[in-house]
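J.: Sharing a sequence plus its predicted fold:
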Amino acid sequence: MGCSGALVKGEEILCTGCILSLPRTNYPLKEENPIKDKFTGRLAIKYAWAYLKFRKTGVVQHLLHQLKYNNHPEVGIRLGKLMGKELFVNGLNEQFDEIVPMPLHQQRERKRGYNQSVKIAEGISEQIGVNVSSNMVFRKTNTATQTKKSRAERWENVAEVFEVRDEPSVRGKRILLVDDVITTGASLEACGQQFLNCGCAEISIVCVAEAQ
Ligand SMILES: [Zn+2]
């Protein structure tokens, strides 16, 4: 799915060469890093991390395009597994109670056939043995394309977008929010805030890639 080359035994979705050449961020996963810094003063979080660097051209863009627009959910699971391994080797496998994929609006999910963040979350779950909860939070409004808006306008747009529907099951939980690409982090912030309002113990965030 990366280089269109043939896979050998033991490889799935991505060949070893592609995996080795993925442009990793190499941020420390457990400590301060630029992704965690994004949320300083905005949202109290425990851990935040992005696995790869996203550029408009390149293998990460290609893989995420396959995942989101070309009906290849298996790419999300594969990337999630790679991320889950990193969480595991950093000793974070026992730091979360629920993995929560960022919700898509119902309409968009129906059109795509799946939520790409659920697929990524499933891959992570396989590696760290934590349950995926895809029904804890919903996206109430179908936000229009946000790329041409200012940060303040985006914030206004996402502030009332998410609703936690299963409050009792959120209380006291250490939540790991999962998304595909992080840009400003406004959606993650709004969603994470809803969980904190409902009494979760901690919010952490992992994304496949950071847009630069
Ligand atoms: Zn390859």
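T.: Received the coordinates, thanks.
J.: where along this protein do the strands fall?
T.: Using DSSP state E, the strands of the chain run over residues 48-54, 98-101, 137-139, 162-164, 174-182, 202-211.
J.: ranking those by burial, who's on top?
T.: Each of those was scored by mean neighbour count; the highest is strand 98-101, a mean of 25, by mean count of other CB atoms under 10 Å. Heads up, the C-betas are built off the backbone N, CA and C, glycines and all.
J.: From what I see, Ala50 and Tyr27 are in contact.
T.: Yes - Ala50 is within contact range of Tyr27, at 7.0 Å (criterion: CB atoms under 8 Å).
J.: Give me the common contacts of the two.
T.: Contact criterion CB atoms under 8 Å, 6 or more residues apart in numbering; residues shared by Ala50 and Tyr27: Ile35.
J.: Can you tell me which residues in the chain are near the ion?
T.: With the criterion set to CB under 5 Å from the ion, the chain comes near the ion through Gly2, Cys3, Gly5, Cys15, Cys18.
J.: Can you say which of those are buried?
T.: For the residues of the chain next to the ion, a neighbour count by 16 or more other CB atoms under 10 Å gives the buried set as Gly2, Cys15, Cys18.
J.: I'd like to know which of these are part of helices.
T.: Counting by DSSP state H, those place Cys18 in helices.
J.: Closest to Asp166 out of the buried ones among the residues of the chain next to the ion?
T.: Gly2 (37.2 Å; CB to CB).
J.: mind checking pLDDT for that closest one?
T.: Each residue has a pLDDT score; the one for Gly2 is 89.
J.: can you tell me how far the residue nearest to it when sequence neighbours are not counted sits from Asp180?
T.: Excluding the flanking residues, the one nearest Gly2 by CB to CB, 6 or more residues apart in numbering is Cys18, at 3.4 Å. For Cys18, the distance to Asp180 equals 18 Å [CB to CB, to the nearest Å].
J.: Can you name the residues that contact Thr183?
T.: Per CB under 8 Å, 6+ apart, neighbours of Thr183: Ala211.
J.: What score does it have for pLDDT?
T.: 93.
J.: Check Asn157 too.
T.: 62.
J.: what ranges do the helices span in the protein?
T.: With DSSP H, the ranges of helices along the chain come out as 16-21, 34-38, 59-69, 73-89, 106-112, 116-128, 151-158, 167-170, 186-197.
J.: Switch those over to a markdown table; also include distance to Val208.
T.: Putting the helices of the chain into a markdown table (distance: least, CB to CB, whole Å) gives the following:
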| stretch | distance to Val208 |
| --- | --- |
| helix 16-21 | 14 |
| helix 34-38 | 12 |
| helix 59-69 | 7 |
| helix 73-89 | 5 |
| helix 106-112 | 16 |
| helix 116-128 | 6 |
| helix 151-158 | 20 |
| helix 167-170 | 24 |
| helix 186-197 | 13 |
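J.: okay, those, which one's buried deepest?
T.: For the helices of the chain, the highest mean count by mean count of other CB under 10 Å goes to helix 116-128, at a mean of 24.
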